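J.: Have a look at this prediction, sequence included:
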Amino acid sequence: MPKPEDPHLSPYDTAPEEQDLWFLPGAETEDPRPDQGASALPWDTADRRPLLDPADWLKAEREEGRALTAAAVAFARLDERLRAGPEGLVRRLALMDISDLLWSEGVRIAPERLALYVHLRAGAPAEGDRELALAGWAFRRLLGGPGPLDGLQAFLGRRPAPADGLLDFSQRPVGLAFDGLAEDWRSVLGQAGALHPISRAGCAFAAWRLFGLSGAGAVLEPAVVAARLGGAGRALPFLPLAIGERNALRAGGGSPAERLQGWYRGIETACLRGYMELDRLADWEQRATAALADLSGRTPPALVAALLAAPVLSAEMAAATVGVSFSAAARNLALFEERGLVREVTGQERFRFWTVLA
């Protein structure tokens, strides 16, 4: 006996046995893939691929081998040049690099002004307190102190932040959020151990900005971290990134090959600009020696060496460095200025500082 028809059934409805029961598991295939995991689900899932895969960077490094070689050679030449020079030359390059790194964040502070601040904590108007303080931190970290792998809290000079509601308004991660992102960053670096130190520094810079450890748009902190990683164990303890140009810092997007290409090119340019600065100072030394040939005594040549070693020099600093009286140091600096060898940078009548005029 046939079943009575459903009075509510539309002629356009499909018979129940013909419906596609999507919520039931499908038939087993002959070659099941138990490793599919979330990809076997019938709905879209989040992309679980790593945000930054060091294996891709290692492959890109091999593809950009020529550019890496050029950057490494330029850095090695600059490092070897500095081994034979006074320690002050390293400070000069550090101040130049920091000045251009700050310019990447929209802050323009001349290296001479930075030198005054880091040496005497002078010249810090109210609107520039934060930038100059950050520049002072960068100067100390580029030249020494704890490395980024020795503990990020100590390297950055941060203190653990208490857990309060105000943390939600911070422009950069703090507290547990920072600790979690820092652990992810260290994990990436641990997997990037096979990279060349210059490439690893680029990977560290990209990962730092990707995880947002310093907040959106920050350049100085990740650049200092990368510079220290790339210059470990050398006479020049940091990798120049921005002297003269900032190509390395612009390599923040694109594929790993595109990023490394810009990174290598920027480092090569920065090292060559640093080498040119050393040539400029060597030419000034020769010019100063010729201009002071008519003077006797040990003070003029000793003062030339002191000016080469210090980005800025006061009469008090010159007197202590050369071992002469304050009046003798001030008199010789005035003579240097008359002969076009130095220029005064403060514009003041007292507490004056000079730098080489090359």
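T.: On my side now, so go ahead.

J.: Now do the SS call for Gly136.
T.: Secondary structure assignment for Gly136 (DSSP: H, G, I helix; E, B strand; the rest coil): helix.

J.: Leaving out chain neighbours, which residue sits closest to it?
T.: Distances taken as CB to CB, 6 or more residues apart in numbering put Val118 closest to Gly136, at 5.1 Å, once the chain neighbours are dropped. C-beta coordinates here come from the backbone N, C-alpha and C atoms, glycine included.

J.: So which bits of the helix or strand encompassing the one you found are buried?
T.: If you go by DSSP states H and E, Val118 is part of helix 111-120. Residues of helix 111-120 classed as buried by neighbour count (16 or more other CB atoms under 10 Å): Pro111, Glu112, Arg113, Leu114, Ala115, Leu116, Tyr117, Val118, His119.

J.: what number of residues lie near the closest residue to the last one other than its chain neighbours?
T.: Pointing back at His119 there. Distances taken as CB to CB, 6+ apart place Val312 nearest to His119, at 7.0 Å, with adjacent residues excluded. The number of residues packed near Val312 is 25, by other CB atoms under 10 Å.

J.: Quick check, Val312 in contact with Tyr117.
T.: No. Counting by CB atoms under 8 Å, Val312 does not reach Tyr117; the two are 10.3 Å apart.

J.: quick one on the thing from earlier: and the helix holding Val118, what other elements does it pack with?
T.: The contact analysis (3 or more CB pairs under 8 Å, 6 or more residues apart in numbering; DSSP states H and E) places helix 111-120 against helix 88-104, helix 129-143, strand 353-356.

J.: Need the ones you listed in CSV (columns: mean neighbour count and distance to Ala216).
T.: Output for these, formatted as CSV (neighbours: other CB atoms under 10 Å; distance: least, CB to CB, whole Å):
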stretch, mean neighbour count, distance to Ala216
helix 88-104, 22, 14
helix 129-143, 19, 16
strand 353-356, 23, 36
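
J.: Now tabulate the ones you listed in CSV and tack on mean pLDDT and distance to Glu64.
T.: Below are the helices and strands packed on helix 111-120 laid out as CSV (pLDDT from 0 to 100; distance: least, CB to CB, whole Å):
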stretch, mean pLDDT, distance to Glu64
helix 88-104, 90, 23
helix 129-143, 88, 26
strand 353-356, 91, 38
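
J.: JSON lines for the ones you listed, including distance to Arg234?
T.: Below are those laid out as JSON lines (distance: least, CB to CB, whole Å):
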{"stretch": "helix 88-104", "distance to Arg234": "10"}
{"stretch": "helix 129-143", "distance to Arg234": "12"}
{"stretch": "strand 353-356", "distance to Arg234": "25"}
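
J.: which one of these lies closest to Ala60?
T.: Across those, Ala60 has its closest neighbour in helix 88-104 (23.2 Å, CB to CB).

J.: I figured the residue nearest to Gly136 hits Trp137, correct?
T.: No. In terms of CB under 8 Å, Val118 does not count as a neighbour of Trp137; the distance is 9.7 Å.
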